[in-house]
Every structure is written in structure tokens, then in C-alpha cells.
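>>> Could you work out the structure for the sequence below:
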Amino acid sequence: MEIGGTGDSTTGTESSHEPNPGQYEWDAGYQWFMIREAKKRNPQIQVYGLAWTFPGWISNSPDFGTLAAKYLADWAAGARDQHNITVDIMGFHNESPWQAEWVLALRQELDARQLQHIRLVLGDCGPGTRWYVVLP
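Numbering: from 1, shown residues only. Below is the predicted model of the structure:
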């Protein structure tokens, strides 16, 4: 499931759940509808959230990693609290370099929201084809 960032994501633009800092729009975008329908058809399907873009207030910030980690954790908590959707797996940023401190910040943010069960996938654009890491 794409985590909308209100930017071009190859297949279109998915609206953000937080277009401005502290302004939440939990019904924005079409992805919530899609995952609810998928869950109706297969309740065992795992939900994988992955950001392709971030709102400008995050992507243009010198504090990108910290803000992005909070943004992603807020999305996962909103999926649970606003849409009754359990996120099972998350990536940090599609086909983009990542830094260990960003991932640690995301893990801390998820844990602080009682989302310790979410596994993280990293480095989907790393060295070589199909290189990735799944963390428990």
C-alpha cells in the first residue's frame, strides 16, 4: 500500500494523511478503500506500507529522517486507529537511499505507538538486483 505524500509516484499522486504539520486527513486518498476491499476478499493478506514521496514540509527539511519517521509511524497508527487496518510490514522510502539513524528513528516511533509487530524492509534499491533486508 502506498503511503501518500502528495507527490508524483509513477502511477499518479496519492494524497497525504498529513499535508501540513499537524493537519491530519485520514480519509484522503484511494488506498484505504483498496486495502479494505482486499481484506474483505482475503482477511489473511498482509499490509505493506511504503512511502514513494513525502510532503514538501518533510522532503525539504534538514531534519528529513526524524520527520519522515514520525510521519510514517503516524500513518501506521492512523491505519489502525482510524481505519481498523493492521499494517504488517513497512518500508522507509521506495527505491531511495536510506540511513541507519532514520530506520532506528522509525523503529522507535513505531514502538512508541504500540506498533512493535511491524517488520521493516530496507534497501530495496541497494547494491545488486533484488537486494533487501527484512528486520523483525
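
>>> What is the distance between stretch 53-64 and the centre of its chain?
14 Å (C-alpha atoms, centre = their mean, to the nearest Å).

>>> Do me a favour and get the end-to-end distance for that stretch?
Distance between the boundary residues of stretch 53-64 (C-alpha to C-alpha, to the nearest Å) amounts to 12 Å.

>>> tell me which residues of stretch 46-55 are tucked away?
Across stretch 46-55, burial judged by 16 or more other C-beta atoms under 10 Å covers 47, 48, 49, 50, 51, 52, 53, 54, 55. Heads up, the C-betas are built off the backbone N, CA and C, glycines and all.

>>> Now do the second one against residue 105, distance only.
Distance of residue 48 to residue 105, computed by C-beta to C-beta, to the nearest Å: 20 Å.

>>> And for the first one?
From residue 47 across to residue 105, the span is 21 Å (C-beta to C-beta).

>>> Could you do residue 84 as well?
Counting by C-beta to C-beta, the gap from residue 84 to residue 105 is 26 Å.

>>> Alright, calling it a day.
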